[in-house]
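Engineer: Show me how the following folds:
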Amino acid sequence: GFQLFENLRSLTFNSISSDHSIDKHFFIKCCKSNHLTHLKFVDCKLFHIKIEDFQDAIDHIWSLPKLSHLYWDFWFKCGRHFRIPTSISTSLKCLTICKNDCYSYVFPCLLEKIPCLEKFSMSSDSYDDDDIPLSHKFIPSPLNLNIKKLTLLSVRSLRVMTALFQLLPNITRLKIEVYSITLDGHQWKEMIVNYLPQLKHFQFKINFNFGLSINDSTNEEKVDQYLSTYRTPFWIEHRQWFIRCHWSQWNGVLGICVYSLPYAFDSFHLSDNVSNYHTKSTCSSDMYYCYDSVRYIGYNPLLLNKESFSYMQLINIEQLSLEFPIDQHFFSIILNLENLLALNVTITKENDQSQLQTLLDRAPRLFSLSFSSSILAAMPPYPYTSSSIRRLDL
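Structural biologist: This next block holds a predicted model:
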């Protein structure tokens, strides 16, 4: 079938499941076109195949002569470790590896196989670390000096993060999301000065536990000491990089989230199970209140209508979860719903149902509507109208 598309340039596999008829030969046949430039594997779950048995398909993909963009999001039997190809790709310029567990010693071998790479993105959900000490220095290869843009999401290993910084010294744009690693402004400065001297654009977010929560006053003192490391001349004067910090207590633990401004990530999460949210910033300018990148949010009026979050304005929301009734602050935070594609609602009181129609009227592109919990006891048809909804989950 795919032989008919011999001039195919872009191909996406989305949500391929563990059908035993789908093996390495299936993907090799599908990716025959020598004209392919963009190839995406999104949420492909091949639990019946071990990664080592998929080597031929990986090597075939790597040898595609014009492939410039590869997005790799695979699950295999016994884990998600990325398998190094045996061939070299001289065409690949952008590589994204999603939710794979990579050890630091793998990166030099991988980078040797992509000498023309310009942009590298990776995410990992693993807390596993390798046994290479942090004192070990990775030597960058002259072949990888073209890589200017690095994106790392769900980083939980300081060793992995540091290894990539050492191997890619010419990075000018870095976007990184870190969990469970405590990093302050002094430590970031040290890594940037030592490993990333060309860095111009730095976007980051860190989530970590900051020890036991004592009381509001003591917690704020600890946060102020931490924030002072981002108020040095390196951050404020030389680089003009500013940050915002949220902190709260949950089960007696002080949790903290720190991110660069403007906010650069597609989701903004506030837990329902915490109390006493507070926020501070190293910058007071309104221009840094921009959250245009946020696409996914759960609206919690008990949190978002507090003064701590009154600065937020969201204009590009695509997925929204909320519980009715919505309050008077809703449309001052979520300014429009023109980009909304999926809405998940909870309705607990009958007189709140009219608010749903108000939202539907403001969401011309809404595709999916779902109810997490609802008092809708009547059989359809329901008294709601929308010309765009194509999927309904009751």
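
Engineer: Output the below-cut-off pLDDT ranges for the protein.
Structural biologist: Residue ranges of the chain with pLDDT under 70: 1-5, 18, 125-135, 270-275, 285-289, 301-310, 350-351, 374-382.

Engineer: Do a quick rundown of the strands in the stretch 151-300 of the chain.
Structural biologist: For the stretch 151-300 of the chain, strands defined by DSSP state E, counting those that start in this stretch occupy the ranges 173-179, 201-212, 242-250, 253-261, 267-268, 275-281, 296-299.

Engineer: What is the shortest one packed up against?
Structural biologist: Contact here means 3 or more CB pairs under 8 Å, 6 or more residues apart in numbering; DSSP states H and E; on that basis strand 267-268 packs against strand 296-299. All C-beta spots, glycine's among them, are computed from the backbone N, C-alpha and C.

Engineer: Pull up the pairing partners for the strand it packs on, direction included.
Structural biologist: strand 267-268 (parallel), strand 319-323 (parallel) (DSSP bridges).

Engineer: could you measure N170 against W188, distance?
Structural biologist: Look at N170 and W188: by CB to CB, to the nearest Å, they are 18 Å apart.

Engineer: More neighbours: which of the two?
Structural biologist: W188 (21 against 15; other CB atoms under 10 Å).

Engineer: domain parsing for the chain?
Structural biologist: 2-292, 294-394 (automatic domain parsing).

Engineer: and the end-to-end length of the last one?
Structural biologist: Right, the one you point to is domain 294-394. 27 Å (CA to CA, to the nearest Å).

Engineer: Go ahead and measure how far it is from the middle of the chain.
Structural biologist: Relative to the centre of its chain, domain 294-394 is centred 23 Å away, using CA atoms, centre = their mean, to the nearest Å.

Engineer: try stretch 236-252
Structural biologist: Distance, centroid of stretch 236-252 to centroid of chain: 19 Å (CA atoms, centre = their mean).

Engineer: try stretch 199-212
Structural biologist: 14 Å.

Engineer: Ok, stretch 79-97 next?
Structural biologist: Centroid separation between stretch 79-97 and its chain, computed with CA atoms, centre = their mean, is 20 Å.

Engineer: How about stretch 180-199?
Structural biologist: Computed by CA atoms, centre = their mean, the chain-centroid distance of stretch 180-199 equals 20 Å.

Engineer: Show me the contact partners of it.
Structural biologist: 127, 155-156, 158, 161-162, 165-166, 168-174, 202, 204, 206-210, 226, 229-232, 234-235 (CB atoms under 8 Å, 6 or more residues apart in numbering).

Engineer: show me where the stretch 51-200 of the chain has helices.
Structural biologist: 55-62, 106-112, 158-167, 185-195 (DSSP state H, counting those that start in this stretch).

Engineer: Could you identify which of those is most buried?
Structural biologist: By mean neighbour count, with neighbours taken as mean count of other CB atoms under 10 Å, helix 158-167 ranks first of the helices of the stretch 51-200 of the chain at a mean of 21.

Engineer: Relative to the whole chain's centre, how far out is it?
Structural biologist: 19 Å.

Engineer: Helix 185-195 and that one, what's the angle between them?
Structural biologist: Put simply, helix 158-167 runs at 40 degrees to helix 185-195, going by axes from the mean of the first three to the mean of the last three CA atoms, to 10 degrees.

Engineer: which secondary structure elements does helix 158-167 contact?
Structural biologist: In terms of contact count using 3+ CB pairs under 8 Å, 6+ apart, helix 158-167 is assigned the packing partners helix 106-112, strand 149-155, helix 185-195.

Engineer: any idea what sits nearest the residue nearest the centre of the chain, other than its immediate chain neighbours?
Structural biologist: In the chain, the centroid-proximal residue (CA atoms, centre = their mean) is L153; its distance is 5.4 Å. Once flanking residues are discounted, L153 sits nearest to S123: 3.8 Å by CB to CB, 6 or more residues apart in numbering.

Engineer: ok, the one you found touching C98?
Structural biologist: Yes: at 5.3 Å, S123 counts as touching C98 under the criterion of CB atoms under 8 Å.

Engineer: Could you check which of the two is surrounded by more residues?
Structural biologist: Neighbours per residue (other CB under 10 Å) separate S123 from C98, with C98 holding more: 20 against 16.

Engineer: show me the contacts for the residue nearest to the more buried one when sequence neighbours are not counted.
Structural biologist: Spatial nearest neighbour of C98, excluding adjacent residues (CB to CB, 6+ apart): D73 at 3.8 Å. When contacts are counted by CB under 8 Å, 6+ apart, D73 touches 40-44, 96, 98-99.
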